[in-house]
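**Student:** I would like to see how this sequence folds:
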Amino acid sequence: MTTPPREPGALAWSTDNCTVGRAMAVLGERWTFVVLREVFNGVRRFDDIRRHSGIPRQVLSNRLALLVEQDVLRKVPYRPEGERERHEYRLTTKGFDLYPVLVAVADWGDRYLADPEGPPVEVAHRDCGGALHAALVCEHGHRVEDLRDAVPRPGPGARRVDAG
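**Tutor:** Numbering: from 1, shown residues only. Just a heads-up that it's a prediction; the model follows:
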């Protein structure tokens, strides 16, 4: 007699207020992190971002508008000599908070997708020059080395799924 597989405990909890889903509504479109990469690297003007990244004009316009609307970027006006006012895009605090996410995505890409000679860009610690990498650290300061030691649990905003 075999025991039926146990249902994952996560099924008891609603995903209606899932913050991963909400974050992906802002960040999940394929060009979003390319835009953020450009701004983190100091490329802040529309035409420069478009030319350097290859993002289609309308897609870039839509991505920038969403990131401004979501307070990830802010528009800063500038006026080239003899031309109309334009804007460059700067990171807000909310935008800077995405830097560890960008580093984690780059780490993954460097590990699995880089050319044989290595990654084209490294992020370095300004003080010592060492390459930066994303890491999981608990609120008590313990670094999690074995990712199987990270376990999801209901948080303070968790809501049980209705039984009916």
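**Student:** Tell me which stretches of the chain form strands.
**Tutor:** 73-78, 86-91 (DSSP state E).
**Student:** Turn these into a markdown table, columns for distance to residue 23, mean pLDDT and mean neighbour count.
**Tutor:** In short, each C-beta sits where N, CA and C put it, glycine included. Converted to a markdown table, these look like this (distance: least, Cβ to Cβ, whole Å; pLDDT from 0 to 100; neighbours: other Cβ atoms under 10 Å):
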| stretch | distance to residue 23 | mean pLDDT | mean neighbour count |
| --- | --- | --- | --- |
| strand 73-78 | 16 | 97 | 14 |
| strand 86-91 | 16 | 96 | 17 |
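**Student:** closest one to residue 132 among the ones you listed?
**Tutor:** Counting by Cβ to Cβ, residue 132 lies closest to strand 86-91 out of these; the figure is 16.9 Å.
**Student:** Who are the packing partners of that closest one?
**Tutor:** Packing partners of strand 86-91 (3 or more Cβ pairs under 8 Å, 6 or more residues apart in numbering; DSSP states H and E): helix 32-40, helix 46-53, helix 57-69, strand 73-78.
**Student:** from the ones you listed, which stretch is densest packed?
**Tutor:** Stretch with highest mean neighbour count among these: helix 32-40 (a mean of 19; mean count of other Cβ atoms under 10 Å).
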